[in-house]
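Enquirer: Got a predicted model here, sequence first, then my questions.
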Amino acid sequence: MCAALVLLPGAQSGGKEKSKVAQKSAPPPPLQVFTGKLADARKLARERNAGLLIHILLKDMESENTDYRKKFLEEPGLLTACERVIVLVSDNGTHPPRTVEETLDGQKRTRTACSVYTWYENCGQHQQNFNDLALEYRDEDGDLHCPQTLLQAPDGSLAARLNTSAVGDPGEILAALVELKKKFGPGLLEPEWFELTRALERARTAQASSSWPEALRSWTRVRELSPLSVYGAEAAKNLPDAQQGLAAAIERIGKGFVPGSAAESWKQLVEMQRVCAGLPVEKEIAARLKRAEAQKDLQAEIAQVKLEAEAAALLRTAQELADARKDKELEKTVRKLLGPRYAATPAAASARTLWPEWAK
């Protein structure tokens, strides 16, 4: 059952069997164990929309603990399933220390660790949550049965519990993890969580300031990263407002395409096209610009503003070349800007002031 969970669909034709063999032999991801307080583990699970898998072991049951560790902390299928889960191990036992060699950022280092749970620097780290867990999960008779396995959902509810005073079946936890993913979506890996928090901050700020293109782009990214989480729900709630706000802004600009205000509307809509790059509405903006160009009573006004935009772009290029001390390219660009086509534009006037030697 566990092996089936780590297999992916094989390639088509002759490579199918080879693909399965490669996948079976591929090592599972290393288990990442949380080393802090129980409250902090729950907070992290909530933030990262992840399940929290808690393993509780009792020092007086070391033979069962050894079997439990093999089944729940070393089994490849469960290791793979726990890649997006916060894992916490609580054992009130004391074990001798050992020296561990590891590679961090390409550099080998050695450190002292618990000989049984090498994620922990000392036994105090895996002992620290035992009393809190014992108080919370003891039975009516006051005893805490061990080994015991708990799976909490991101919202803090209990998704699964193995509490039989025996090692238990890891398949039950695997099945519960599948159901958890169906309901809440996958937990966020650390880089995904960092990206989501940045996107969420941008989305909220943009929404508050009616910066609709950024709000739409950022809410969309939040929903892509975590569609079934509370973050995805917040995105789903705000996306319609962002879409409507953007549509209304484009419509307001479009109403300015009449003689006398077409130039300003053109500038605004071109800027809107720039900030909406990659959004579905980009095509609609391009179509509106094309329709405005086709209006005979606006053609002269739009042609002038387009000419001024071209000249302004040349002026920016010239300033960049000047900063880079690329004198030959600078002279060529300035002479083009000062030529007959752009001579009457504000950008050309600025160029004559900045580089009078080529304005003669």
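Expert: Done, it's in.

Enquirer: Any stretches of this protein with poor pLDDT?
Expert: 1-25 (pLDDT under 70).

Enquirer: domain parsing for it?
Expert: If you go by automatic domain parsing, the domain ranges for the chain are 2-184, 190-294, 306-358.

Enquirer: first to last residue in the last one, what's the distance?
Expert: Domain 306-358 has its terminal residues 24 Å apart, counting by CA to CA, to the nearest Å.

Enquirer: And for stretch 332-346?
Expert: Stretch 332-346 has its terminal residues 19 Å apart, counting by CA to CA.

Enquirer: And the helices in the stretch 151-300 of the chain?
Expert: 170-184, 190-208, 212-225, 230-254, 262-275, 282-294, 299-323 (DSSP state H, counting those that start in this stretch).

Enquirer: Tell me which of those is the most buried.
Expert: Across the helices of the stretch 151-300 of the chain, averaging neighbours per residue (mean count of other CB atoms under 10 Å) puts helix 212-225 on top, at a mean of 22. (Glycine included, C-beta is placed from N, CA and C.)

Enquirer: packing partners for it?
Expert: Other elements packing on helix 212-225 under the criterion 3 or more CB pairs under 8 Å, 6 or more residues apart in numbering; DSSP states H and E are helix 190-208, helix 230-254, helix 262-275.

Enquirer: Present these as JSON lines; the columns should include distance to Ile285.
Expert: JSON lines is the format used below for these (distance: least, CB to CB, whole Å):
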{"stretch": "helix 190-208", "distance to Ile285": "18"}
{"stretch": "helix 230-254", "distance to Ile285": "6"}
{"stretch": "helix 262-275", "distance to Ile285": "5"}
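
Enquirer: related to what we said a few turns ago, would you reformat the domains of the chain as JSON lines and include distance to Ala300?
Expert: Listed next are those as JSON lines, based on distance: least, CB to CB, whole Å:
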{"stretch": "domain 2-184", "distance to Ala300": "56"}
{"stretch": "domain 190-294", "distance to Ala300": "9"}
{"stretch": "domain 306-358", "distance to Ala300": "11"}
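
Enquirer: re the thing from before, quick one, which of the helices and strands packed on helix 212-225 gets closest to Leu315.
Expert: helix 262-275 (15.8 Å; CB to CB).

Enquirer: list the helices and strands that closest one packs on?
Expert: Checked by 3+ CB pairs under 8 Å, 6+ apart, helix 262-275 has helix 212-225, helix 230-254, helix 282-294, helix 299-323 packed alongside it.

Enquirer: Same list, these, but as a markdown table with distance to Ala347 please.
Expert: Shown next, in a markdown table, are the helices and strands packed on helix 262-275 (distance: least, CB to CB, whole Å):
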| stretch | distance to Ala347 |
| --- | --- |
| helix 212-225 | 27 |
| helix 230-254 | 23 |
| helix 282-294 | 21 |
| helix 299-323 | 4 |
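
Enquirer: Figure out which of those is closest to Arg46.
Expert: Nearest to Arg46 among the helices and strands packed on helix 262-275 is helix 230-254; the distance by CB to CB comes to 8.6 Å.

Enquirer: Could you check how far the closest one is from the centre of its chain?
Expert: Here helix 230-254 is found 21 Å from its chain centre; the criterion is CA atoms, centre = their mean, to the nearest Å.

Enquirer: Could you measure from Val100 over to Tyr117?
Expert: If you measure Val100 against Tyr117 using CB to CB, to the nearest Å, the figure is 11 Å.

Enquirer: More neighbours: which of those two?
Expert: Looking at Val100 and Tyr117 with other CB atoms under 10 Å, you find the greater number of neighbours at Tyr117, namely 21 against 15.

Enquirer: out of everything not next to it in sequence, what's closest to the more buried one?
Expert: Taking CB to CB, 6 or more residues apart in numbering, and ignoring the residues beside it in sequence, Tyr117 has His126 as its nearest neighbour in space, at 5.1 Å.

Enquirer: doesn't Val87 make contact with the one you found?
Expert: No - using CB atoms under 8 Å, His126 and Val87 do not qualify as a contacting pair, with a distance of 11.7 Å.

Enquirer: between those two, who's got more neighbours?
Expert: Between His126 and Val87, counting by other CB under 10 Å, His126 is the more crowded of the two (25 against 21).

Enquirer: so what's that one up against?
Expert: Contacts of His126 were listed using CB atoms under 8 Å, 6 or more residues apart in numbering, and they are Val89, Ser90, Asp91, Cys114, Tyr117, Tyr120.

Enquirer: The first one should be in a strand, yeah?
Expert: Just to be clear, that refers to Val89. Yes - according to DSSP: H, G, I helix; E, B strand; the rest coil, Val89 belongs to a strand.

Enquirer: which ones are touching it?
Expert: Contact partners of Val89, counting by CB under 8 Å, 6+ apart, are Val33, His55, Leu57, Leu73, Tyr117, Trp119, Tyr120, His126.
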